[in-house]
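Peer 1: predicted structure and sequence below. I'll ask about it afterward.
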Amino acid sequence: MTSTVRESLALVIVKSLVAASGVCLFAYPLATRAGLIAGGLGTVAGYLAARYSHLRGVRVPIGLAIAGLLGMIARFGGQLLLDHPLGELSNGLAISDAVFYGIGALALFVGIRTLSQRWRGFAVLELAVVVGAVARTFAAHRHHHIHEPRFLTDWAWSHGIDPTLVLQGAGIAGVVVASILLLDLRRASKLVVSLLFLAVAGIGAYFLLENVRIDDEPDTNGIGLGPNGKSNKDNNNKDKSKAGGKPDPVAVVVLRDELPDADILYFRQTALSRFAVDRLEEDSTGKYDKDLIRSFPSTAPIRSDSPQEPLLHRLLHTSVYLLVDHAQPFGLGHPVEVRSLDNPSPRQFVAAYDVDSYFLDQDVGRFAGRSAGSAKWTEDERAHYLAMPNDPRYRKLSNEIVRDMDPRFVGDDLMKALALKRYLEKNGFYSLSQKTLVGTDPTAKFLFGEMKGYCVHFAHAMVFLLRSQGIPARVALGYAVQTRQHGAGSSVLILGNDAHAWPELYLDGVGWVTFDVYPEHSDEPPAAPIDGDLESMLGELARKDKTGGKAGDPNTRLVIPWFLLLGSLGSFAGGALIAAYATKLARRMRRSSQRLVYRGLLDRLSDLGLGRDTGETREKHAARIAEIAPSFVPLTNSHLRTALGNHEEPLPRVIELANQTRGELAHNTSFLRRLRAAIHPLGWWFTR
């Protein structure tokens with residue numbers, strides 16, 4: 001069923017301005033200033049053109065054809081201008097942008113409005129433009145990129161305001177304003193009621209959702225470090241981040257000591273040591289891996305039974321602030337104690353804790369000659385860390401690799417491990433195309449196949465080769481952060497794609513030693529540098545700086561584009577207008593006392609531009625008004641007698657004088673003047 005929608009010119013202009021704000025907000029990161037202005041003007045022109053064609057009876061197919069033609073002109077005309085020698089001029093890009101966005105917006109809204117004026121359901125497309133623009137602009141912030149969009153968050157942080165609150169308000173305001181585009185408002189009363197309902201609904205949603213966290217489970221390369229400890233369901237996507245392709249931050253670590261001299265910092269969360277059928281898994285018996293801390297601390301600290309030799313390690317103190325839930329706490333190196341920590345910013349961090357950990361600061365090559373395993377282990381412990389698939393190919397391959405070692409190191413466990421590591425690095429190919437261990441005996445398929453896989457494949461292969469040589473080993477899971485990608489500050493930002501699996505082997509008198517494999521060949525692009533601004537900002541929040549380190553920055557100022565102000569402040573302006581009219585009506589209707597009746601008539605005079613001037617007495621004011629409202633003189637005298645306590649006029653008499661004054665004003669003032677007074681929302685503000 002179809003219905004023709006006829007809207008007033010004023011309403012069409014209001015809707016076009018709201019839609020223009022959405023277009024400009026959407027194009028803001030991409031377009032030049034000329035493109036933004038042209039896009040806004042093109043949107044308004046599209047609304048007006050569609051209304052004109054609708055009033056002239058232009059049929060829908062013709063309107064859509066015109067929109068399609070304009071779209072082609074925008075697409076190819078903008079490109080032609082860019083490719084033309086004119087495009088090489090300093091303003092060539094601006095001209096091309098103006099054509100593309102201006103004519104493109106014109107085409108888009110001629111088409112949308114042609115449909116929505118005929119079939120009301122298509123008005124949802126208008127809503128989609130504004131809501132989509134708001135969502136696109138603020139989406140990154142949801143994924144803990146709390147410094148985006150910079151033009152708004154820098155100002156908020158510098159004033160000690162959590163930008164999440166600002167963005168929530170802007171988002172709700174954007175939805176409220178955009179919802180006006182769906183309203184069929186042909187009466188002013190319906191506009192007022194609809195705006196009031198939307199404002200109440202938006203405010204209610206804001207307070208209901210103020211402390212609700214909406215966090216996606218982070219993509220941890222299929223390793224499963226999130227709250228359920230399992231791999232992400234969608235393991236074939238390289239990165240599930242929604243924030244413009246950027247990986248999601250998952251934690252920030254504040255270093256309380258000097259940064260260790262290492263290219264990669266390993267933050268271990270758990271380890272896989274129990275062999276089950278064809279792969280390794282976490283030991284759940286509690287008999288092994290007693291150095292792992294498996295739960296978060298509450299009141300009392302949690303200590304591990306660490307086997308690390310203190311004389312060979314540095315004791316480091318760090319503080320970890322989690323941005324998303326994790327199954328277990330993690331810490332730098334080999335954590336030995338975890339203590340609960342007050343959360344400095346519950347809106348940003350889900351948990352906070354201090355970690356004391358051992359960090360091996362010796363060159364691994366110095367441990368040549370040490371035997372693998374511990375003399376203190378029982379036979380069960382040694383068997384646990386040597387269990388592996390019953391496949392002779394592992395032993396055969398490892399024997400072939402170590403056979404080519406330097407004869408001087410024959411029988412040395414550490415040198416064997418280095419030879420196995422070198423083999424995997426030279427012959428393996430790193431790829432994230434398959435981010436999980438699937439099928440029967442996946443490690444064998446990797447190692448004895450094309451050797452193409454990611455960190456979990458390399459770690460399992462290395463551990464099984466080590467175990468085939470009688471070297472106790474396990475797979476550690478956590479995060480590996482490259483220090484060269486970070487700034488010089490004392491905070492380290494950890495991203496979801498830093499999740500990693502690496503081998504650990506056990507050396508007598510040393511403890512567990514990180515023995516990672518770095519394949520020489522890969523189809524993965526180099527990791528992008530960490531956003532230093534985000535890293536330092538989260539670090540400052542962890543240090544209880546509510547400004548995120550922005551306080552005292554003299555260059556920080558609020559630069560908000562006009563279209564964002566138009567979109568986000570529109571609903572607040574509507575709410576203020578409603579409040580002004582409600583106040584005006586309430587003051588007029590209150591007639592329970594002589595003073596209130598007199599005040600209501602003064603409001604009416606203010607609306608008409610006949611209010612009392614500054615310094616003018618009430619008697620002189622009444623005398624000035626006497627020409628057009630003679631009854632106002634006795635009404636004023638009655639008010640003065642009551643105010644001075646000389647005599648109180650009966651209320652019915654006061655109401656009668658007020659009614660006579662209103663009648664005289666209606667008879668002696670022009671219709672246009674009375675109309676302006678009726679629609680004036682703030683006349684009462686100037687009443688004296």
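Peer 2: Perfect, thanks for sending it.
Peer 1: contacts, neighbours, all on C-alpha from now
Peer 2: Fine.
Peer 1: now the closest residue to Ile471 other than its chain neighbours. Its backbone dihedrals?
Peer 2: Closest residue in space to Ile471, ignoring its immediate chain neighbours: Ala372 at 5.5 Å, by CA to CA, 6 or more residues apart in numbering. Torsion angles at Ala372 (phi, psi; degrees, to the nearest 10) stand at phi -80, psi 150.
Peer 1: any idea what Ala372 is bridged to?
Peer 2: On the basis of DSSP bridges, Ala372 is bridged to Leu507.
Peer 1: wait, isn't it in contact with Gly509?
Peer 2: No. Using CA atoms under 8 Å, Ala372 makes no contact with Gly509, being 9.4 Å away.
Peer 1: show me the domain layout of this structure.
Peer 2: For the chain, the structural domains run 9-208, 249-527, 590-686, going by automatic domain parsing.
Peer 1: ok so, going back, need the pLDDT of the residue nearest to Ile471.
Peer 2: Listed pLDDT for Ala372 reads 92.
Peer 1: distance of it relative to Thr642?
Peer 2: Distance of Ala372 to Thr642, computed by CA to CA, to the nearest Å: 103 Å.
Peer 1: just want to know which of those two has more residues nearby.
Peer 2: Shown here are Ala372 and Thr642; by other CA atoms under 10 Å, Ala372 has more neighbours (21 against 15).
Peer 1: distance of the more buried one relative to Tyr266?
Peer 2: Taken as CA to CA, the span from Ala372 to Tyr266 is 22 Å.
Peer 1: just to revisit the earlier point, next, format the domains of the chain as JSON lines and append distance to Ala582.
Peer 2: Output for those, formatted as JSON lines (distance: least, CA to CA, whole Å):
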{"stretch": "domain 9-208", "distance to Ala582": "10"}
{"stretch": "domain 249-527", "distance to Ala582": "36"}
{"stretch": "domain 590-686", "distance to Ala582": "9"}
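Peer 1: of all the ones you listed, which lies closest to Ala580?
Peer 2: domain 590-686 (5.6 Å; CA to CA).
Peer 1: what's the end-to-end length of the closest one?
Peer 2: Domain 590-686 has an end-to-end distance of 18 Å (CA to CA).
Peer 1: stretch 374-389 now?
Peer 2: Stretch 374-389 end-to-end distance (CA to CA) = 23 Å.
Peer 1: next, Thr318: secondary structure please.
Peer 2: Secondary structure state of Thr318, per DSSP: H, G, I helix; E, B strand; the rest coil, is strand.
Peer 1: contacting residues around it?
Peer 2: With contact set as CA atoms under 8 Å, 6 or more residues apart in numbering, Thr318 has these partners: 253-257, 331-332, 354-356.
Peer 1: give me the subset of these that lies in strands.
Peer 2: The strands, defined by DSSP state E, take in 253-255, 331-332, 354-356 from the contacts of Thr318.
Peer 1: return the closest of the residues you listed with respect to Glu616.
Peer 2: Nearest to Glu616 out of the ones in strands among the contacts of Thr318 is Val254 (CA to CA; 67.0 Å).
Peer 1: could you count how many residues lie near the closest one?
Peer 2: Neighbour number of Val254 under other CA under 10 Å is 23.
Peer 1: could you do Val517 as well?
Peer 2: For Val517, the tally of surrounding residues (other CA under 10 Å) stands at 22.
Peer 1: same check, this time on Thr285
Peer 2: 8.
Peer 1: one more: His647?
Peer 2: For His647, the count of nearby residues is 12 (other CA under 10 Å).
Peer 1: state the three-state secondary structure for it.
Peer 2: coil.
Peer 1: for it, which non-adjacent residue is spatially closest?
Peer 2: Leaving aside its chain neighbours, His647 sits nearest to Arg641 (5.4 Å; criterion: CA to CA, 6+ apart).
Peer 1: wait, a strand at that neighbour?
Peer 2: No. Counting by three-state DSSP, Arg641 falls outside a strand, being helix.
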